[in-house]
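[1] Sequence first, predicted model second:
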Amino acid sequence: MRIPPAGLIRRGNDRATRYLYSETEISAIITAAGTLRPRFRAAAYQALISLLAVSGIRVGEALAPDSNDLDADDGVLVVP
């Protein structure tokens, strides 16, 4: 039986420190996304970044909405 080398499995909490973007930084990122091509890609990234900024949802939640997550009658996006 072989013993795994030390350090192979992470210990403790070594996650990256969270960083909150300022309004100025968010505006700059959205503006930069607007320079992407094709134009549809630019609009999609601007919408995604804006959604993340105003709602606080995670990228995975924003990229994989379920049809039940949208209440079109009330204009509400439900994030479980």
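    Thanks, I have it.

[2] in this structure, which spans are strands?
    70-71, 76-77 (DSSP state E).

[3] Now these in TSV, please, with extra columns for distance to residue 43, mean neighbour count and mean pLDDT.
    Heads up, the C-betas are built off the backbone N, CA and C, glycines and all. Output for these, formatted as TSV (distance: least, CB to CB, whole Å; neighbours: other CB atoms under 10 Å; pLDDT from 0 to 100):
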stretch	distance to residue 43	mean neighbour count	mean pLDDT
strand 70-71	18	12	86
strand 76-77	18	12	84
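
[4] so which of those comes closest to residue 60?
    strand 76-77 (14.7 Å; CB to CB).

[5] packing partners for that closest one?
    In terms of contacts (3 or more CB pairs under 8 Å, 6 or more residues apart in numbering; DSSP states H and E), strand 76-77 is packed against strand 70-71.

[6] Tell me who's in contact with residue 36.
    42, 45 (CB atoms under 8 Å, 6 or more residues apart in numbering).

[7] Then residue 62?
    Residue 62 touches 48, 51, 52, 55, counting by CB under 8 Å, 6+ apart.

[8] Which of the residues you listed fall in helices?
    48, 51, 52, 55 (DSSP state H).

[9] Which one of those is nearest to residue 35?
    Using CB to CB, residue 48 is the member of those that lies nearest residue 35, at 15.2 Å.

[10] any idea of the pLDDT on the residue nearest to the closest one when sequence neighbours are not counted?
    Excluding the flanking residues, the one nearest residue 48 by CB to CB, 6 or more residues apart in numbering is residue 62, at 6.0 Å. On pLDDT, residue 62 comes in at 88.
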